[in-house]
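Peer 1: all I have is the shape, not the residue letters:
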């Protein structure tokens with residue numbers, strides 16, 4: 001099972017960390033600080049304030065919001 005590929009939004013995490021130079025926990029904290037803003041407002045914030053691409057921002061927000069609901 002450990003060899004099973006990561007699927008869904010978390011599959012973007014290694015690329016996000018490498019491309020933008022911060023750990024995922026730090027990005028997730030930024031998103032959580034802005035709650036209860038809507039999904040797309042959070043994606044836009046990551047894109048405009050941090051230069052993140054749409055796919056990376058969307059994956060990060062989706063995963064963070066899914067964890068927040070639990």
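Peer 2: Received, thanks. The model shown is predicted, which means the values in this text are computed figures rather than measured ones.
Peer 1: going by C-alpha atoms from here, please, whenever you check contacts or count neighbours.
Peer 2: OK.
Peer 1: mind checking the longest helix of the protein?
Peer 2: Using DSSP state H, we find that the single longest helix of the chain is helix 54-69.
Peer 1: tell me the contacts of the spatially most central residue of the chain?
Peer 2: Centroid-nearest residue in the chain, with C-alpha atoms, centre = their mean: residue 60, separated by 1.4 Å. By C-alpha atoms under 8 Å, 6 or more residues apart in numbering, the contact list for residue 60 reads 9-10, 12-13, 27-28.
Peer 1: tell me which of those fall in helices.
Peer 2: 13, 27-28.
Peer 1: drop anything exposed from these.
Peer 2: Buried members of the ones in helices among the contacts of residue 60, scored by 16 or more other C-alpha atoms under 10 Å, are 13, 27.
Peer 1: with distance to residue 21 as extra columns, can I get the ones in helices among the contacts of residue 60 in CSV?
Peer 2: As requested, the ones in helices among the contacts of residue 60 are exported to CSV (distance: C-alpha to C-alpha, whole Å):
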residue, distance to residue 21
13, 11
27, 10
28, 14
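Peer 1: what's the closest of the ones in helices among the contacts of residue 60 to residue 48?
Peer 2: For the ones in helices among the contacts of residue 60, the closest approach to residue 48 (C-alpha to C-alpha) belongs to residue 27, at 14.1 Å.
Peer 1: list the contacts for the closest one?
Peer 2: Per C-alpha under 8 Å, 6+ apart, neighbours of residue 27: residue 60.
Peer 1: distance of it relative to residue 5?
Peer 2: 22 Å (C-alpha to C-alpha, to the nearest Å).
Peer 1: cool, residue 33 as well?
Peer 2: Residue 33 is 30 Å from residue 5, by C-alpha to C-alpha.
Peer 1: angle of the one helix or strand residue 42 maps to against helix 54-69?
Peer 2: Assigned by DSSP states H and E, residue 42 belongs to helix 39-50. Comparing the axes of helix 39-50 and helix 54-69 via axes from the mean of the first three to the mean of the last three C-alpha atoms, to 10 degrees yields an angle of 130 degrees.
Peer 1: buried residues in helix 39-50?
Peer 2: 39, 42-47.
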